[in-house]
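> sequence-free structure coming up:
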C-alpha cells in the first residue's frame, strides 16, 4: 500500500514537473510574443512618427488623440498642445467645419476607408490643403472608437490646380468675350470649338457650328482643300491671310484670319481668329474714292483759277460736278438784278422750263440764296417749295455759290447724296464763287482803267483800243465810222460861277444824256475836260440825226431841269471815216474838232 502511494506520488510529481515545464515554456513563449508585439508597436510608432505623411487619431468625442511629428511640425504645435483639443474647432477653417462634421458622422456608421480633401489650420493661421485617407476604428463590441487618418500635404498641388483653374477661367473668359470670331479645327477640317461671336458672325447656333466643315464657311474661290488645311496645322507656324467666308444664308463677307497650329486635347488642331473686315474694306474703298474726288477737286480748283470768263467758270463747275458726284441733272443759277438766271445745266432742260425767276418767287433756289445754307433732301416731299423740272427726280442738294448764285443737283434715286458729297460740293462751289469774284474784280479793274472815273463813260485809252479793232472790221465789211465831237458851251464860266462841284455834276448829266441817245454798239468817250466824243460804229449817214436828237434832248432838259438853274448847250462837230477814203482816222478827228470849234464861234457870234 505504501509502495503504491509512493509510486502514485512519484507519478504525480512527474506530472507536476512536466506541467511546470510546460508552464515555463508557455511563459517563455508568451514573453516572446509580448516582446514581439512590443517591438512591433515601437516600430509602428517610430514609423508613424518618422513618416513624411500626416497621421492623426480623433476620438468619438471629436477630441484629438494623437498627431505624428510630421503633422505637428507642419502645424507648428507640440504633442501636448494638440492632445484633447477639439479637432474641428482647432484645426479646421470655420467654413469647412460643417461639411467635415457630416463626413465624420457618416464614417462612424460605415467603418470603411474614405478619401477627401480639406484645409487645416496651422498655429500661425495659415491654411494647408491635405488629402486624407482614413477610416473609423471600432471597439470589440462594434461601436465607434476613434477615427484614424493618413494625410498628404497637397497645398502646392492645390495651388497649381487653382492656378490652372484660374487660367482656364481666364482663357474661357477671353474666348467668350473677344470681339473676333475664334474657331478651333481638327485635322479633318471640322469645327470643334467656337466662341459666341462666331455664332453671330456666321449666323449659326453653337450646336450647328460644332462639327461643321471648313468648306461650309469658306468661299469655294478661297478654299484650297483639306490637304492644304492639314499642312497648315502640321506646320504649326503662325500665318495671316485674307479670305472670303460664307454666312449661313450664303452671303459672302471679307475676313482677315490669324491662324496657327497647336495641340488641343492631345491632338493637332488649328486655332483660327477671324475678323470681319468687310466694313474696313468698304471704308478703304470709300476713302480711295474720296481721295480721287479730292484730287479732282484740286484739279478743278486749278482750272477755275485759269478761267477768263464767267461762262467758263459755270461750264467747268458743271463738268467737275459730273465727275465728283453721281446725279441725274444739275443747274447753276446766278443772281442778276434780283433775278435767278440759269447759266449752265448738265442736261437739256424740258421744253417750257423758265430760265429765270425772281428772288421773291424762286422757290428753294431763292431760299438757298437768301439763307446762304445748303439744303439736302432725300425726297422732294421734304421740300414743298421746290419745283423740280422732271417728275422722275427724287433726292437732291440745293447749295449756295457764295453770294453770287445757287447750284442745285438732283437724282432719280432717293437718299442719293451722302454727307461727304455735300461737303465736296460745298468746297467746289466755294472755288466757283471765288473764281466768279476774281473775274468780276478783273472786269471792274479793267473797266476802271478804261472808263472816266467822274462820268463813267469810256476814256481815250479805251477809244484807242476800240478804234484799232474797228478799222480792220470796217474795211472788211466796207462800213464807215461816224465821229461826233461835243463840247459843253461856257463850261469855264459854270465852274467859275457855280464851283467845280457843280461843274462835275454838269459833266455827269451830259454823259448820261449822250449815252441815252446812242445805240448799245456805239461808244461814248470823255475826250478831255468838257469835250466828249461819240464813236458811231457801222453808221450810214446817221450822224446828223444823232446830233439832232442830242440837241433836242438837251433843249428839253433845259426846260424841265430841276438840277441846274441855268441852261446847258453843246457845240457839235461831225466827221466820217470811210474805208476807201483818203483821210486817216486822226485827220477825220481833227476835222470833227475843227467843225466843233467853228460851231462854238458861230454860237458866240449869235449871242
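Here it is on my side, so go on. Not measured: the values here are computed from a predicted model.
> From now on I want contacts and neighbour counts done on CA atoms only, so please keep to that.
Noted.
> So what sits opposite residue 525 in the bridge?
Beta-bridge partners for residue 525, by DSSP bridges, are residue 458, residue 533.
> Mind telling me what element residue 365 is part of?
Under the criterion of DSSP states H and E, residue 365 resides in helix 363-371.
> Show me what that helix is packed against.
Applying 3 or more CA pairs under 8 Å, 6 or more residues apart in numbering; DSSP states H and E, one finds that helix 363-371 contacts strand 395-401, strand 405-411.
> Which parts of the chain belong to which domain?
Using automatic domain parsing, the domains assigned to the chain come out as 1-42, 51-159, 178-276, 288-447, 451-606.
> Need those domains in JSON lines (columns: mean neighbour count and distance to residue 282).
Converted to JSON lines, the domains of the chain look like this (neighbours: other CA atoms under 10 Å; distance: least, CA to CA, whole Å):
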{"stretch": "domain 1-42", "mean neighbour count": "12", "distance to residue 282": "86"}
{"stretch": "domain 51-159", "mean neighbour count": "16", "distance to residue 282": "50"}
{"stretch": "domain 178-276", "mean neighbour count": "17", "distance to residue 282": "10"}
{"stretch": "domain 288-447", "mean neighbour count": "18", "distance to residue 282": "10"}
{"stretch": "domain 451-606", "mean neighbour count": "17", "distance to residue 282": "59"}
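> what's the distance between residue 272 and residue 100?
Counting by CA to CA, to the nearest Å, the gap between residue 272 and residue 100 amounts to 46 Å.
> any idea how far the most centrally placed residue in the chain lies from residue 88?
Nearest to the geometric centre of the chain sits residue 283, at 8.2 Å (CA atoms, centre = their mean). Using CA to CA, residue 283 is found at 68 Å from residue 88.
> swap in residue 545?
Taking CA to CA, one finds residue 545 at 138 Å from residue 88.
> Check whether residue 209 really touches residue 194, as I assumed.
Yes - counting by CA atoms under 8 Å, residue 209 sits close enough to residue 194 to count as a contact (7.3 Å).
> Okay, now the unreliable bits of the stretch 101-250 of the chain?
Scanning the stretch 101-250 of the chain with the threshold set as pLDDT under 70 gives 110-111, 158, 164, 168, 171, 174.
> just to revisit the earlier point, Serialize the domains of the chain to TSV and add fields for distance to residue 166.
As requested, those are arranged in TSV below (distance: least, CA to CA, whole Å):
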stretch	distance to residue 166
domain 1-42	46
domain 51-159	10
domain 178-276	18
domain 288-447	47
domain 451-606	92
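> Worst mean pLDDT among the ones you listed?
Confidence, taken as mean pLDDT, is least for domain 1-42 of these (a mean of 61).
> what's near enough to touch the closest residue to residue 410 other than its chain neighbours?
The shortest distance from residue 410 to any residue other than its chain neighbours is 4.0 Å, reached at residue 396 (CA to CA, 6 or more residues apart in numbering). Contacts here follow CA atoms under 8 Å, 6 or more residues apart in numbering; on that basis residue 396 touches 376, 377, 378, 379, 380, 408, 409, 410, 411, 416, 417.
> ok, the fourth one to residue 402 distance?
Which is residue 379. Relative to residue 402, and taking CA to CA, residue 379 is found at 25 Å.
> And the second one, by the same measure?
Relative to residue 402, residue 377 is positioned 20 Å away (CA to CA).
> before we move on, what about residue 240?
Counting by CA to CA, the gap between residue 240 and residue 402 amounts to 51 Å.
> Residue 125 - that's part of a helix, no?
No - per DSSP: H, G, I helix; E, B strand; the rest coil, residue 125 lies outside any helix segment and is coil.
> Return the backbone torsion pair for it.
As for residue 125, its main-chain torsions (degrees, to the nearest 10) stand at phi 90, psi 0.
> before we move on, what about the one 3 residues further on?
Note on residue 128: its backbone torsions stand at phi -120, psi 140 [degrees, to the nearest 10].
> Wait, it touches residue 122, no?
Yes - applying CA under 8 Å as the test, residue 128 and residue 122 come out as touching, 7.4 Å apart.
> give me every residue that touches the residue nearest to residue 60 when sequence neighbours are not counted.
Nearest-residue entry for residue 60: residue 146, 5.2 Å, with adjacent residues in sequence omitted and distances by CA to CA, 6+ apart. Neighbouring residues of residue 146 by CA under 8 Å, 6+ apart: 57, 58, 59, 60, 136, 137, 138.
> just these now: which is nearest residue 263?
Each of the contacts of residue 146 was checked against residue 263 using CA to CA; the closest is residue 136, at 45.7 Å.
> Now do the helix or strand where that closest one lies: which elements does it pack against?
Following DSSP H and E, the helix or strand that holds residue 136 is strand 127-138. For strand 127-138, the packing partners by 3+ CA pairs under 8 Å, 6+ apart come out as helix 94-110, strand 114-121, strand 144-153, helix 155-177.
> gap between the residue nearest to residue 522 when sequence neighbours are not counted and residue 524?
Spatial nearest neighbour of residue 522, excluding adjacent residues (CA to CA, 6+ apart): residue 536 at 4.9 Å. In this structure, residue 536 lies at 9 Å from residue 524, with CA to CA as the measure.
> cool, residue 105 as well?
Residue 105 sits 130 Å away from residue 524 when distances are taken as CA to CA.
> Next: residue 394.
52 Å.
> repeat for residue 585
As judged by CA to CA, residue 585 and residue 524 stand 17 Å apart.
> now do residue 117
As for residue 117, its distance to residue 524 is 119 Å (criterion: CA to CA).
> Then residue 464?
With the distance defined as CA to CA, residue 464 ends up 13 Å from residue 524.
> for residue 257, same thing?
81 Å.
> Same question for residue 571.
Using CA to CA, one gets 16 Å for the distance from residue 571 to residue 524.
> same thing with residue 537?
For residue 537, the distance to residue 524 - CA to CA - is 11 Å.
> got it, and residue 343?
With CA to CA as the criterion, residue 343 and residue 524 are 30 Å apart.
> cool, and residue 451?
To residue 524, residue 451 is 10 Å away according to CA to CA.
> With residue 452 instead?
As defined by CA to CA, residue 452 lies at a distance of 10 Å from residue 524.
> So for those two, which residues contact both of them?
Listed as contacting both residue 452 and residue 524 by CA under 8 Å, 6+ apart are residue 458.
> Could you dump the contacts of residue 146 into a markdown table and include distance to residue 14?
Converted to a markdown table, the contacts of residue 146 look like this (distance: CA to CA, whole Å):
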| residue | distance to residue 14 |
| --- | --- |
| 57 | 53 |
| 58 | 55 |
| 59 | 53 |
| 60 | 54 |
| 136 | 52 |
| 137 | 49 |
| 138 | 47 |
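> Next up, the contacts around residue 62.
Remark: with contacts taken as CA under 8 Å, 6+ apart, residue 62 is in contact with 86, 87, 88.
> Considering these, which is situated nearest to residue 600?
Closest approach to residue 600 among those (CA to CA): residue 88, at 143.0 Å.
> measure that closest one to residue 115 for me?
The gap separating residue 88 from residue 115 is 17 Å, by CA to CA.
> Same question for residue 572.
Using CA to CA, one obtains 138 Å as the distance from residue 572 to residue 115.
> same deal with residue 125?
With distances defined as CA to CA, the gap from residue 125 to residue 115 amounts to 24 Å.
> Next: residue 486.
134 Å.
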